[in-house]
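Asker: the following comprises the amino acid sequence and a computationally predicted model.
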Amino acid sequence: MKKSCIIYGGAGFIGSHIADDLLARNFKVTVFDKLNASRKNVEHILDKIDFIEGDFNNKVDINKSSKKADYVVHLVSSTLPANSNLNPFYDVESNLLSTLNLLESCVKNNIKKVIFISSGGTVYGNPLKLPIKEDHPTNPMSSYGIIKLSIEKYLGLYRNLKRLNYKILRFSNPFGERQNPKLRQGLITHLLYRIKNKMPIEIWGDGKTIRDYFYIKDGAKSVYKSIIDNSQNYIYNISSSKGLSINQILEKFRRILKLNFKVKYLESRRFDVSVNILDNRLAAKYLGWETETDFSTALKNTWRYILDYE
Ligand SMILES: NC(=O)c1ccc[n+]([C@@H]2O[C@H](COP(=O)([O-])OP(=O)(O)OC[C@H]3O[C@@H](n4cnc5c(N)ncnc54)[C@H](O)[C@@H]3O)[C@@H](O)[C@H]2O)c1
């Protein structure tokens, strides 16, 4: 019989790529997303998936939807790193409490494993050592990061108390097709969108902020690999392990994509760490997961997507 997986937040950027990957591996895929969420990212697979319209903040919706699944992927978030500090109460209520409801339902419905996409860019805080390993101290500087870390801790608690199995994938900075270019979370996609539309290119800080970027189609494969992983590791960094500054990215736009644009530098934001490069060797060793697509191919694919984006 086919294995089944429900993806909460599956109509979003990351979730839609996970849905593609699991379908290709012959999973029965259910996407759970908001009633008014756009179907654009999953339009091409709507005839192959079950789509459940529901609210992640509604206990009944969560319990009902997780009844028939073997595996659960959790991707819902109501906040971004940049806006989460504005209202931590809302962050706790909509993300943490609702996730606890999900975990309760998973226990009740005998879910085999929960895969949680956490944030390698925010849970660690300022790095003491680079590249950052999974056992590096965690000192998040935003409510967003605190919530991701709290969810991770509750997953550990539910495993100990209720035998709920799980894997945590700490994504660094995925980019590629279907990322919403109007949001500022995905730097590469957002900047390409602004360049295409001749909007000013504004950078917080001096452009020396370093991040670790990977192509989403590679990243999506880590979910299946963590589903079949029986090791005793519960947390994996998913990243390229290669740091690029914003200025280096802009240089790649000029060199690889032959783009011309001017840059305006603004004051840096207090919750941004200056460098974040994750060590991905644990994922390579135990999941057999590595980035496969070279940066320039991923960048060209993303630019093509932006050119078609309306
Ligand atoms: N994009 C990144 O750079 C990145 C990096 C690390 C971790 N993450 C985490 O991965 C997850 C997915 O990120 P993404 O970039 O795909 O985001 P996204 O916004 O594209 O997808 C999230 C999906 O969740 C749905 N959703 C939100 N609230 C809901 C609710 N109440 N009920 C039902 N559905 C709801 C949205 O409609 C959307 O389709 C998030 O938890 C995010 O914090 C993202």
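Answerer: Structure's in. What do you need?
Asker: where does the chain have its least confident helix or strand?
Answerer: For the chain, using mean pLDDT, DSSP states H and E, the weakest element among its helices and strands is strand 201-204, scoring a mean of 90.
Asker: helix/strand/coil for the residue lying closest to S240 once chain neighbours are set aside?
Answerer: Using C-beta to C-beta, 6 or more residues apart in numbering and skipping residues adjacent in sequence, the residue nearest S240 is F214, 4.4 Å away. Every C-beta, even on glycine, is put in place using the N, C-alpha and C of the backbone. Under DSSP: H, G, I helix; E, B strand; the rest coil, the three-state class of F214 is strand.
Asker: sorry, back to before: mind saving the C-alpha coords of the least confident helix or strand of the chain as CSV?
Answerer: Taking C-alpha atoms only, strand 201-204 is exported to CSV below (Å, rounded to 0.1, in the frame of the first residue of the first chain):
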residue,chain,number,x,y,z
ILE,A,201,17.5,47.8,-4.3
GLU,A,202,17.7,48.4,-0.6
ILE,A,203,20.1,46.4,1.6
TRP,A,204,20.0,46.5,5.4
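Asker: so how far is that strand off the chain centroid?
Answerer: The chain centroid and the centroid of strand 201-204 are separated by 23 Å under C-alpha atoms, centre = their mean, to the nearest Å.
Asker: which residues are in contact with the nearest residue to Y305 once chain neighbours are set aside?
Answerer: Nearest residue to Y305 in three dimensions, chain neighbours excluded: E177, at 4.3 Å (C-beta to C-beta, 6+ apart). Counting by C-beta atoms under 8 Å, 6 or more residues apart in numbering, E177 touches 216-217, 301-302, 305.
Asker: contacts for stretch 131-141?
Answerer: 120, 122-129, 146, 148-149, 170, 212, 233, 235-237, 241, 243, 270-271, 273, 276-279, 282.
Asker: for PyMOL, what selects the buried ones among the residues you listed?
Answerer: Selecting only the buried entries of the contacts of stretch 131-141 in PyMOL, with 16 or more other C-beta atoms under 10 Å as the criterion:
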select buried, resi 120+122+123+124+125+127+146+148+149+170+212+233+235+236+237+241+243+271+273+276+277+278+279+282
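Asker: name whatever forms a beta bridge with the residue of the stretch 151-300 of the chain found nearest the ligand.
Answerer: With C-beta to the nearest ligand atom as the measure, F171 is the residue of the stretch 151-300 of the chain nearest to the ligand, at 3.8 Å. Taking DSSP bridges as the rule, F171 bridges to S119, I238.
Asker: ok, it touching F116?
Answerer: No - using C-beta atoms under 8 Å, F171 makes no contact with F116, being 10.5 Å away.
Asker: the two: which is more packed in?
Answerer: Shown here are F171 and F116; by other C-beta atoms under 10 Å, F116 has more neighbours (25 against 21).
Asker: could you look up the SS state of that one?
Answerer: strand.
Asker: in terms of pLDDT, where does it sit?
Answerer: Predicted confidence (pLDDT) for F116: 99.
Asker: out of the contacts of E177, which is nearest to G15?
Answerer: Taking C-beta to C-beta as the measure, I216 is the one of the contacts of E177 closest to G15, at 10.5 Å.
Asker: for the closest one, which non-adjacent residue is closest in space?
Answerer: With sequence-adjacent residues excluded and distances taken as C-beta to C-beta, 6+ apart, I216 is closest to G176, at 3.9 Å.
Asker: please look at the one you found and N301 and confirm they touch.
Answerer: Yes - counting by C-beta under 8 Å, G176 touches N301, with 6.4 Å between them.
Asker: quick one: pLDDT of F271?
Answerer: Reported pLDDT for F271: 63.
Asker: okay, domains of this structure per the record?
Answerer: 4-174+215-239, 176-212+242-277+292-308 (automatic domain parsing).
Asker: what's the most buried one of these?
Answerer: Of all the domains of the chain, domain 4-174+215-239 carries the top mean neighbour count, a mean of 19, counting by mean count of other C-beta atoms under 10 Å.
Asker: just the endpoints, please. Distance across stretch 116-128?
Answerer: With C-alpha to C-alpha, to the nearest Å as the measure, the ends of stretch 116-128 fall 25 Å from one another.
Asker: so which of the contacts of E177 also contact the ligand?
Answerer: Counting by C-beta under 6 Å from any ligand atom, nothing from the contacts of E177 sits close to the ligand.
Asker: so for G176 and N301, which residues contact both of them?
Answerer: Common contact partners of G176 and N301 (C-beta under 8 Å, 6+ apart): Y215.
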